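[1] fold the following.
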Amino acid sequence: MDKMLYIAMSGAKQNMQALSVNANNLANAKTTGFKADLAQARSMQAFGEGLPTRVFTSTERASQNFDSGALLTTGRPLDVAIEGDGWLSVQAEDGSEAYTRSGQLRLTAEGALETNNGELVYGDQGPLFIPLPVNNIQITRDGIIMIQPEGAPNAVQEEVGRLKLVNPDNRMMEKGNDGLFRRKDGEVAEADINVSVLSGTLEGSNVSPVGEMTEMIALQRQFEMQLKMMKTAEEIDASASSLLRAF
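    Numbering: from 1, shown residues only. A predicted model of the protein is given here:
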């Protein structure tokens, strides 16, 4: 009886954790460049006093779905999407280098190029700063930033920097709590000249709302089944107690 309750209890707990991953994916179905989290469950041996006779389930965020999201045309010069594999390099809140697929960029009053979440965008020599004021900004396919200084003729275009585009093996990447990706070994990825971007375009989330809703329904049914198992165990225990009192 104890084993039945333990398995049902641990199963219900892990179903709740899987639901939180599922709900987070659904909440980010419209987030630019978001990569869906993947949850997996596995059996774990419980060790303690006595014989190791207890097995429980453990749900973990194993990895992410690295498939590309749909490309959305905006026509805005500072919107960029990675074409194929690759990442934009940004400065995380703690000052470390991190990577993202969210290319919704903007300029600060000081001319710093940053993401819509406020992370500074890296170039080949560190954070990128654009000399202000400017009339026009263009980002080429290979990440070079061209500007037309204020008052200059339309034909005048100056190169002021280049986006640091990287392409490490996705198996070496992991997502942090801030939503940014980093290499698992803590190393900084090298720039890759083969990565290209599309200006005036954003990459949407790769979350499938229909798939996530279907998964949510399945997890809720599993949770209900675990509760029924615990209720059944309680009824069996009550019947056993009644038999013992009868004797």
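[2] phi, psi for Ser196 please.
    phi -130, psi 160 (degrees, to the nearest 10).
[3] relative to Asp142, how far out is it?
    6 Å (Cβ to Cβ, to the nearest Å). For every residue, glycine as well, the C-beta is placed using N, CA and C.
[4] looking at those two, which one has more neighbours?
    Shown here are Ser196 and Asp142; by other Cβ atoms under 10 Å, Ser196 has more neighbours (17 against 13).
[5] who touches the residue nearest the centre of the chain in this structure?
    The centre of the chain sits closest to Lys35, judged by Cα atoms, centre = their mean, with a distance of 4.4 Å. By Cβ atoms under 8 Å, 6 or more residues apart in numbering, Lys35 lies in contact with Gln64, Asn65, Phe66, Arg101, Lys175, Phe181, Ser205, Asn206.
[6] mind putting those in CSV, pLDDT, neighbour count and distance to Leu132 included?
    Formatted as CSV, the contacts of Lys35 follow (pLDDT from 0 to 100; neighbours: other Cβ atoms under 10 Å; distance: Cβ to Cβ, whole Å):
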residue, pLDDT, neighbour count, distance to Leu132
Gln64, 88, 18, 37
Asn65, 89, 14, 39
Phe66, 91, 15, 36
Arg101, 95, 22, 27
Lys175, 91, 17, 34
Phe181, 95, 22, 30
Ser205, 94, 20, 32
Asn206, 93, 20, 35
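[7] tell me which two in those residues are the farthest apart.
    The span of the contacts of Lys35, defined through Cβ to Cβ, is set by Phe181 and Ser205 at 14.7 Å.
[8] same for the helix or strand where Asp237 lies, what does it pack against?
    In this structure, Asp237 sits in helix 209-246 according to DSSP states H and E. The contact analysis (3 or more Cβ pairs under 8 Å, 6 or more residues apart in numbering; DSSP states H and E) places helix 209-246 against helix 2-27.
[9] that'll do, ta.
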